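**Student:** Okay, here's the prediction I keep looking at, along with the sequence it came from:
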Amino acid sequence: MKYSIHVPSTLEEAFTTRSRVGGQYLAGGTVVLAIKKPVCDLVSLSRIPGLSFIERKGDCIEIGGGTTFDELDRSALLKERLTALWQASHELAGPQIRNVATIGGNIGSMSPSADSVTALMALDASVRLFTMEGGKPCRRTVPIRELRLGEGEIIEAVVIRTNVDSSVFEKVGKRNAMAVSVVNMAVARVGKKVSVAVGSAAPNVVFCRRTSEILSKDCTDMMAAKAAILEEISPKDDRWGTVEQKRIVCANMLEKLAGEVSA
Ligand SMILES: Cc1cc2nc3c(=O)[nH]c(=O)nc-3n(C[C@H](O)[C@H](O)[C@H](O)COP(=O)(O)OP(=O)(O)OC[C@H]3O[C@@H](n4cnc5c(N)ncnc54)[C@H](O)[C@@H]3O)c2cc1C
């Protein structure tokens, strides 16, 4: 299969090229180039300056959409302030994939097992999207919990508040590296407010609203929290695990991670 790879040097050019030729954006290519049904036209984001960064801005940390998981893994700021996202980055795939795979690609892949998305949902992150309207650049920022990517929109950055007191991410896979999660989970705490997100246990990564509310009221009410999370997930049997396995892992993980973030 032959690809045409377009290599724009600005976001404007990337957007207009993709509108003209169709196809898909290409970042690290670890998903796009692995798809069995190939896409002919790929619009590379890799030569656009300013898409790869990790910066503290006021009470937020901003991460460029083109930042690789290796860069996230090596960030002391992330490890200290946003532990769940650092752990998700540290455990994603293996070193070769982390060298090229980007956070924008992880979000853009819309996978139910996208590890960083689970962490970002628990951390209540927002996503800054770039588009063009009437020939002019246009940006909107949306909470990742409500994210629906519009046609051709580019994930320019992820914005996360640093007021998080504690956060943790864990995944269970069939082996320690290069494994799709059987279940992944992140729990974050800001004051008494607890937020729980789960991946690989529904068609999308799920922010568990009811479970989060129960733990925010009483972080020791594990019976009610476990009952709630089992209502909020909808796992299917797949080659990574059975429904029963996923439900058991999910309930046990919740108890462990909620205990780890509690004050
Ligand atoms: C062997 C292997 C192991 C893996 N292990 C894991 C794992 O443990 N955990 C995990 O979560 N994932 C894993 N993955 C999946 C993949 O590596 C990640 O999802 C990765 O983050 C994708 O990033 P990328 O830059 O390679 O995206 P690409 O493949 O370049 O793109 C993926 C999708 O996102 C879109 N896209 C990319 N960048 C943007 C942007 N800035 N704005 C809008 N759309 C964009 C593309 O058009 C495409 O639809 C694995 C993949 C492989 C091949």
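**Tutor:** Thanks, I have it.
**Student:** What separation do you get for the closest residue to residue 10 other than its chain neighbours and residue 22?
**Tutor:** Leaving out its chain neighbours, the residue that sits closest to residue 10 by Cβ to Cβ, 6 or more residues apart in numbering is residue 48, at 6.3 Å. All C-beta atoms are positioned from the backbone trio N, CA, C, and that covers glycine. Separation of residue 48 from residue 22 (Cβ to Cβ, to the nearest Å): 19 Å.
**Student:** How about residue 45?
**Tutor:** Counting by Cβ to Cβ - residue 45 and residue 22 are separated by 16 Å.
**Student:** More neighbours: these two, which one.
**Tutor:** Counted by other Cβ atoms under 10 Å, residue 45 and residue 22 do not tie: residue 45 has more neighbours, with 26 against 12.
**Student:** Surely the residue nearest to residue 10 forms part of a helix?
**Tutor:** No - Residue 48 sits outside any helix when classified using DSSP: H, G, I helix; E, B strand; the rest coil, being coil.
**Student:** Report how many residues lie close to residue 80.
**Tutor:** Neighbour tally, residue 80, other Cβ under 10 Å: 10.
**Student:** Just the buried residues of the host helix or strand of it, please?
**Tutor:** When secondary structure is defined using DSSP states H and E, the element that contains residue 80 is helix 76-81. Within helix 76-81, the residues scored as buried using 16 or more other Cβ atoms under 10 Å are 78-79, 81.
**Student:** Next: stretch 192-199.
**Tutor:** Neighbour count says stretch 192-199 has 194-199 buried, by 16+ other Cβ under 10 Å.
**Student:** before we move on, which element is residue 8 in?
**Tutor:** For residue 8, there is no helix or strand it lies in under DSSP H and E.
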